[in-house]
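**Q** Structure for the following, please:
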Amino acid sequence: MRKLLKSALLGAPIMSDPEIQQIADKNGVSAATILISYHVNKGVVVLPKSVSEKRIASNREVISLSKDDLYVLDGMAAAGKAKRLN
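**A** Model prediction:
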């Protein structure tokens, strides 16, 4: 079974993780976009939820992550760094 980063994004500690922030800054996007993109890049269907029109629109933004970024994110998942909060 593949381990993936899981997070209820809003208020999740993973959102402010320095490694996530570094990847987000490098790609010019938000931490939420990195986490959503990570799952999509891994072939996982992502169903983000929000009541804010701005967040709903930003949740549609998916980027292609580099192999280096995926390596870092896979390592975080394998280490159990993020747990589902909801």
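
**Q** tell me which helix or strand of the chain sits lowest on mean pLDDT?
**A** In the chain, the helix or strand scored least confidently by mean pLDDT, DSSP states H and E is helix 53-59, which has a mean of 86.

**Q** Need the residue closest to the centroid of this structure.
**A** Centroid-nearest residue in the chain, with CA atoms, centre = their mean: residue 35, separated by 0.7 Å.

**Q** what does the average pLDDT come to for the strand or helix carrying that residue?
**A** Under the criterion of DSSP states H and E, residue 35 resides in helix 31-41. For helix 31-41, mean pLDDT rounds to 92.

**Q** about what we covered before: show me what the following helix or strand past the least confident helix or strand of the chain is packed up against.
**A** Sequence-wise, the next helix or strand beyond helix 53-59 is helix 67-78, with elements assigned using DSSP H and E. Judged by 3 or more CB pairs under 8 Å, 6 or more residues apart in numbering; DSSP states H and E, helix 67-78 is in contact with helix 18-27, helix 31-41. Glycine gets a C-beta too; all of them are placed from N, C-alpha and C.

**Q** thinking again about what came up before, I'd guessed the residue nearest to the centre of the chain sits against residue 20; true?
**A** Yes. With contacts counted by CB atoms under 8 Å, residue 35 reaches residue 20, the gap being 7.0 Å.

**Q** residues shared between the contacts of these two?
**A** residue 14 (CB atoms under 8 Å, 6 or more residues apart in numbering).

**Q** Which of the residues in the least confident helix or strand of the chain are classified as buried?
**A** 58-59 (16 or more other CB atoms under 10 Å).
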